[in-house]
Every structure is written in C-alpha cells, then in structure tokens.
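Novice: what follows is a predicted protein model with its sequence.
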Amino acid sequence: MPYYAKSEDWLHQSALLLQARPSTTRITTRYHLKPARRTPKPPKSADTTTTAAAAAATTTTTQQPQEKEQTQNSKPPRGHLVLKTFDPSSGVTLKYKTSKAAEVTRLVQMLGALGKRMAGVVTAAPEKVGAAGDDVVMADAAGAAAAEGGEGLAAGSGSGVQTPVAGAGAGAGQQGQQGQQQAGGGGKGKKKKGKR
Amino acid sequence: MGQLTHDEFFAKLADIFTSRKTKAHGAVFLTQKRPQDAVDPLADLHPPHPLPVLIRATNGKGKEDRAAKIKLATVVQPDELDGFYARYAEVCKAGMAALKPRDRTKRKAKAKKRKGAAPAAA
C-alpha cells in the first residue's frame, strides 16, 4: 500500500493498473478534515515564558514566535486529500496524499485522464512506457551511431593529433576539479546562509 | 438509489462539501469505476466500444449513522467525460477550501529577512 511522493508517479502506476484490470479497478478520492493538530494551550505564567524564551533563542527574531502562536490559536481545521486506486481482484492499492489546494485542479484532471482509460476511450499504453520503449530503441541506435562516429574520428585523428587530444583531456580534468571546488564553496556559502 | 443527472449530482455534491465546511471534521468520498453490469467479463480488456464511467459520492457516514448518509451516483457517457471533469474540478476546488492555500506571504517575509541579514554579515 504505497504512498507515492509525486502525483505523476501515482498517475502512471494507476494507468498501468487500469490497463491491466480495467473492469475491477476503482479510484476513490477521500477529502477529510482534521481538527488543527495543536490545540491552543491555556497561558501559564512560568511555563509559557520559558518556552517562549527558548523559542526566541532558537529563532533569531522575537516577533515570529508570537505570530506563530497567534496563527495556531486561530487555526482552522486542515483538509487532506487522498487519492486511492484499488483493484479488489488483485488487492493492489496505490495512494497519493496531499494537502495543497493548488494541486486539486491538476489531480481532478488526472482523474479525468484515468476516467478516459476506464471508459476505454484511450486504450493505448501509458505514455511513459511507450516513450521509454521508443527511447531505448532510439538510444541504442543513436549510441551505436555515436560509437561508429567516434571510432571514425579516432581513426581519422589517430595520425598526428594525439597530444592535443591528451592535452584537451587534461584540461577537461582540471576544469572538472575546479568545478567541483567551486561547487563545494557554493555549498559552504549556502550552509552559512541557512544557519543564520 | 437511482442515478442522478450531472446537474443534480453537482448540486448535491456542492451541498455535501458545504455541510463539511461547517463542521471541523469528517470526510467526503468520491469514487469512479466502470459499471459492473455493462460488460461481459471476457471482453473487458478490449472493449469494442467506449463504456460509461460510474461516479459516486458519499459524505463518509458509516453504519452507526446510516440515516445521515448521503449517497450520490451518476453515469458519465464517454463523450461527456471532458465536460464532466471540467465541472467536477470546479466543484471540487470550490468545496475543498480547507486545503493549504498557496502561501506567498511566508516566502516574501523570508526573502526580506535574507536581504536584511546579508549586509549585516558583509
């Protein structure tokens, strides 16, 4: 019963399941509300001040915790959306969970796409599979062609241009190292920013 | 429980969503599947013609609350799928108001903070 991290993955796997068992697979969308996770605490004098102080110590600005507490106190119940594809005859369950309103339209579009598969309007294999299969063939062909081309080039340039090629290779290596170093520096900089 | 027309279905689905809004908990279930009686089992992999899709909606009430349970069902013909799902998306988006809205204010505040912090460090 996996939850997929990406809705696209869920869509793809669901499409495959629908293709395999179109007549028994069903797709359920569950929209449920939960009360806000943290109930507002009654203000206690000593405890709240210490916790507030601790919170202020961890985060640099003192205004933010107060704002957070205010928002928590007036937090409306949060909705969650779970998409589930279930095939009772094989017991396969595919799930996707989100709480973002921005995704709803896209997810319903996905439901529509799967509905088309269910209806038999679209009977072809899911796009990813077809594309991947084609890509494999094409990649092989392209790879073979590239290999041939490379051999041809190597054979052609094999007469007297060996040293520059070696030099180019060394240069590329140095560049690669520099690139790595730069990347490392960038990472450090980012970390510093994160700590603040 | 008969099947509703699309207009009735959407109207009642909106009702379910609004009744959900007023309470702090609960669920709405939406299901879609191929109608069972429409096919003979052998032809299901390669249907000769497109089949309708059955859409169901309930307000998630179980056995102990059978009287309050609302069940909706409608059948969408294959040529109506696009129009149906466009309206479906609208109703769902309007009804699922408790989902997390896209939050721009936080990101803006963060950017401001970062801008303010940068000169201090330099």
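Specialist: Cool, the structure landed.

Novice: what sits up against stretch B:96-108?
Specialist: Stretch B:96-108 is contacted from outside by A:31, A:33, A:76-81, A:98-102, A:104, B:17, B:21, using C-beta atoms under 8 Å, 6 or more residues apart in numbering or on different chains. Every C-beta, even on glycine, is put in place using the N, C-alpha and C of the backbone.

Novice: only whichever of these are buried, select them in ChimeraX.
Specialist: Filtering the contacts of stretch B:96-108 down to the buried ones (16 or more other C-beta atoms under 10 Å in any protein chain shown) takes a single ChimeraX command:
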select /A:31,33,77,79,80,81,98,101,104 /B:17,21
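
Novice: filter the contacts of stretch B:96-108 down to the ones in helices?
Specialist: Members of the contacts of stretch B:96-108 lying in helices (criterion: DSSP state H): A:104, B:17, B:21.

Novice: just give the nearest non-adjacent residue to the last one, would you?
Specialist: Counting by C-beta to C-beta, 6 or more residues apart in numbering or on different chains, residue B:21 lies nearest to residue B:97, which is 6.3 Å off, once chain neighbours are set aside.

Novice: state the mean pLDDT of stretch B:2-16.
Specialist: Confidence for stretch B:2-16, expressed as mean pLDDT, is 89.

Novice: now residue A:77: how far from chain B?
Specialist: Distance of residue A:77 to chain B, given as C-beta to the nearest C-beta, to the nearest Å: 4 Å.

Novice: for stretch A:87-97, buried residues please.
Specialist: A:87, A:92, A:94, A:95, A:96.

Novice: for chain B, what's the longest strand?
Specialist: Using DSSP state E to define each element, chain B has its longest strand at strand B:26-33.

Novice: residue B:51: neighbour count?
Specialist: 21 (other C-beta atoms under 10 Å in any protein chain shown).

Novice: does it touch residue B:34 like I think?
Specialist: Yes: assessed by C-beta atoms under 8 Å, residue B:51 is found in contact with residue B:34 at 5.8 Å.

Novice: spit out the residues that contact the two alike.
Specialist: Common neighbours of residue B:51 and residue B:34 (criterion: C-beta under 8 Å, 6+ apart): A:118, A:119.

Novice: nothing else from me, thank you.
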